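*Asks:* return atomic coordinates for the entry below.
(one chain, ligands or ions: 1)
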Amino acid sequence: LRLYNESRGALVVFEGLDRSGKTSQCGRLVSYLEGLGHSVELWRFPDRTTSVGQMISAYLTNNSQLDDHTIHLLFSANRWEKRSLMEAKLKAGTTLIVDRYSYSGVAFSSAKGLDFQWCKAPEIGLIAPDLVIYLDIVPEKAAERGGYGGERYEQLEFQRKVAQRYKLLEDSSWKIVDACQPLEDVEKQVKEIVLEHVMTCQKGKPVSSLWS
Ligand code: FDM
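*Replies:* Residues are numbered from 1 along each chain as shown. The predicted structure follows:
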């Protein structure tokens, strides 16, 4: 018998450039944790299923034009609209594996030239990840991987700028994993790092907030 307030879930975020392998690694990790009997869910941002998410999706697919500040705030709003559910899930013991989060928000918008601190401000108060796995790949290598899908930000020159911004966001919750390794090697490292953090959260590590 496991009592609900005995342990909480971990908030694990994957970040990295487009084509760094985030989505495949998230999927594999979720199956692995499920297999070990953990309560786990796969989330992603933007969450294109909400009405805010549909506006974001239209923008990313070039079906709508929005001012850079406006789209930045929509990405942030898309996280805020999921915040209370996120907190409830973690408290109920579910680990969340999240494909992109606030770091994408700041890295992509500031790469367009928006002020870095301005970009961080709307993220303040969101739940801080217990662990950020940064899948590290040089932009040129990522571009070689079957090419980009044609969405708005999928261009080499822009991805180079995003990579620079990501570097400014690294903090103690980050683990950098070399994403140029074979998929299986990345997967093995990711599993080891994540298991350790899931255990720490179960032992009662408090939930904290961005960006402090
Ligand atoms: N993106 C993603 C942002 O610009 N800001 C954000 O807050 C988030 C979460 O949207 F180019 C960008 C990053 C990427 C695109 O693509 C989403 P995917 O393929 O759904 O990750």
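
*Asks:* just after the helix or strand of the chain with the lowest mean pLDDT, pick out the following helix or strand.
*Replies:* Scoring the helices and strands of the chain by mean pLDDT, DSSP states H and E places helix 139-144 at the bottom, with a mean of 93. Of the helices and strands lying after helix 139-144 in sequence (DSSP states H and E), the nearest is helix 156-169.

*Asks:* parallel or antiparallel, list what pairs with the helix or strand just after that following helix.
*Replies:* Per DSSP H and E, the first helix or strand lying C-terminal to helix 156-169 is strand 174-178. Here strand 174-178 is paired, per DSSP bridges, with strand 131-136 (parallel).

*Asks:* and the pLDDT for residue 4?
*Replies:* Residue 4 carries a pLDDT value of 45.

*Asks:* ignore the last one, residue 91
*Replies:* At residue 91, the pLDDT value in this model is 96.

*Asks:* that one: neighbouring residues, count only.
*Replies:* Other residues within reach of residue 91 by the criterion other CB atoms under 10 Å amount to 14. In this view, the C-beta of every residue, glycine as well, is placed from N, C-alpha and C.

*Asks:* now do it against the ligand, distance only.
*Replies:* Here the criterion is CB to the nearest ligand atom, to the nearest Å. By it, residue 91 lies 23 Å from the ligand.

*Asks:* and what of residue 200?
*Replies:* Residue 200 sits 25 Å away from the ligand, going by CB to the nearest ligand atom.

*Asks:* longest helix in the chain, please.
*Replies:* Using DSSP state H, we find that the single longest helix of the chain is helix 183-202.

*Asks:* I'd like to know which elements that helix is packed against.
*Replies:* Contacts defined by 3 or more CB pairs under 8 Å, 6 or more residues apart in numbering; DSSP states H and E place helix 183-202 against strand 11-16, helix 22-35, strand 131-136, strand 174-178.
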